[in-house]
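In: Provided below are the primary sequence and the corresponding predicted coordinates.
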Amino acid sequence: MFGALDISVSGMVAQRTRLTAISANIANRSSYEADGLPYRARQVMLAPGDPAATTASGRALGVHVSEIEVSQAGFGYNWSPDDPKAIKSGPYAGYVAQSNVDPFVEQMNAMQATRAYEANVTAAEATKAMVTQALRLLA
Amino acid sequence: MADPLGFISGVTPAGFPKPPQTGTANGADKAEQGPAFRDVLMQNLEEVNKAQQEATRAVEDLATGGDTDINDVILASQKADNAFRMLQALRNRMMEAYEEIKQVRV
Amino acid sequence: MIGDLSNSGSMPVLADLMRFTARRQTVIAHNIANLDTPGFLQTDASPEKFQEALREAVEKRRNATGGERGELPAFETDEVRRLADGSIRLMPGTPSGNILYHDRNNRDLERLMQDLSENGLMYRVSADLMRRQTDLLRSAIAQRP
């Protein structure tokens, strides 16, 4: 039954990583990366299993972050030819590129991640209650 | 009269209440009380056993998804527990009584 | 004699139920951890099917020994395998009837939460009933109520 605790904790860790990425996205909506392009949203990819577990059966259960993908969605463009960051040439000349972070999507994702985090906490509490019950058998 | 209550002669004079029975009349009763008590004891043992079996059956029914409710199980378990504790107390008292009698110096 | 002590009355049935609920807790926790994983299908080991198979095993034991004595025989369903020594292996199947979401995950959060509390409750009931049995045995052995 302690395996169940490991699983719930892996769920909590994965959801918190997701929430961190969402916070980073919202915070960096107006920033620019080193190559001059605007900030691309980071998306967390979840996958079942937990490679950090010690046993083979433990590695099959739980959830982990398989990678943090950089979103390749297109940028938004604003017409602003006097801005120093405006594009000089090409079809988008005179436009300023905006980050591809969609605040509404990020907000919904944040709500979903919070809800999943709370569900995992509830599961961990239930497992703890069961273990306490079992221990009372001895007393 | 030398024997107002009739203890010696065994005959109670008129107007006096009857003394408690001693002697042959009671001896016959006592000879019957021995096996009767044992029967009562065995019958109680049977009942305790039956109560325990009913409690076990109720628990098994609950555990295998039958019609039994949790309150039925609780009631049956309490009944069996009480019966068992009663039997245990009876047994302890009898053992104490036996120990006491054993120590009587004849 | 010592073996019969731990197989007396309803103790084997309760022990089986405790083991099953403990294993199922792992399955439910796995489902909850993967609420948002794309492509993940929820799995579950149905307690009703397990209780059916347990009931048949209890019947078999009753017919074999004529009462509440002896071990429970091993049994197997398509989701559970109970070995003769009492250990339980779960092979959870995918329940049907859940909505498949856009990320190909068929989560059902309310059902999961209900399963979680139900499982905990079943574990608690069987643990408490088991404790009553062991208390009875201990008081009988110690000759003190």
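Out: All right, it came through fine.
In: what residues of the longest helix along chain C count as buried?
Out: In chain C, assigned by DSSP state H, the helix with the most residues is helix C:109-142. In terms of neighbour count (16 or more other CB atoms under 10 Å in any protein chain shown), helix C:109-142 has its buried residues at C:112-113, C:115-116, C:119-120, C:122-127, C:129-133, C:136. (C-beta placed from N, C-alpha, C; glycine too.)
In: before we move on, what about stretch A:48-63?
Out: Buried, per 16+ other CB under 10 Å, within stretch A:48-63: A:P48, A:G49, A:D50, A:A53, A:G58, A:L61, A:G62, A:V63.
In: in terms of pLDDT, where does the fifth one sit?
Out: The reference is to A:G58. A:G58 is assigned a predicted lDDT (pLDDT) of 80.
In: quick one: it from A:E67, how far?
Out: 21 Å (CB to CB, to the nearest Å).
In: likewise for C:D128?
Out: 46 Å.
In: next one: C:R81
Out: Where A:E67 is concerned, C:R81 sits at a distance of 36 Å (CB to CB).
In: more crowded one of those two?
Out: Neighbour count, other CB atoms under 10 Å in any protein chain shown: between C:R81 and A:E67, C:R81 has more, with 14 against 10.
In: surely that one is in a strand?
Out: Yes - counting by DSSP: H, G, I helix; E, B strand; the rest coil, C:R81 falls inside a strand.
In: ok, for it, nearest residue in space, not its chain neighbours?
Out: C:R89 (4.5 Å; CB to CB, 6 or more residues apart in numbering or on different chains).
In: count of residues packed around the one you found?
Out: 11.
In: so it touches C:E79, yeah?
Out: No - look at C:R89 against C:E79 with CB atoms under 8 Å: they stay out of range, at 9.8 Å.
In: return the set of buried residues in the helix with the most length in chain B.
Out: Ordering each helix of chain B by length in residues (DSSP H) puts helix B:24-63 first. Of all the residues in helix B:24-63, those buried under the rule 16+ other CB under 10 Å are B:V48, B:A51, B:Q52, B:A55, B:T56, B:R57, B:A58, B:V59, B:E60, B:D61, B:L62, B:A63.
In: repeat for stretch A:122-139
Out: A:T122, A:A123, A:A124, A:A126, A:T127, A:M130, A:Q133, A:A134.
In: in CSV, list the C-alpha atoms belonging to that stretch.
Out: The C-alpha trace of stretch A:122-139 is given here as CSV (Å, rounded to 0.1, in the frame of the first residue of the first chain):
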residue,chain,number,x,y,z
THR,A,122,-7.2,13.2,-1.5
ALA,A,123,-6.0,9.8,-2.7
ALA,A,124,-2.9,10.1,-0.6
GLU,A,125,-4.9,11.0,2.5
ALA,A,126,-7.2,8.0,1.9
THR,A,127,-4.2,5.7,1.6
LYS,A,128,-2.8,7.1,4.9
ALA,A,129,-6.1,6.5,6.6
MET,A,130,-6.1,2.9,5.4
VAL,A,131,-2.6,2.3,6.7
THR,A,132,-3.5,3.8,10.1
GLN,A,133,-6.5,1.4,10.2
ALA,A,134,-4.3,-1.5,9.6
LEU,A,135,-1.9,-0.5,12.4
ARG,A,136,-4.8,-0.4,14.8
LEU,A,137,-5.2,-4.1,14.3
LEU,A,138,-2.0,-4.6,16.2
ALA,A,139,-2.7,-2.4,19.1
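In: close to chain B, is it?
Out: No - Stretch A:122-139 stays clear of chain B (CB under 8 Å from any CB of the partner chain), getting no nearer than 15.5 Å.
In: and the strands in chain A?
Out: A:42-48, A:63-70, A:76-79, A:95-98 (DSSP state E).
In: now do the residue most central in space within chain C against chain A, distance only.
Out: Central residue of chain C (CA atoms, centre = their mean): C:F20, 2.4 Å from the mean position. Distance, C:F20 to chain A, using CB to the nearest CB, to the nearest Å: 12 Å.
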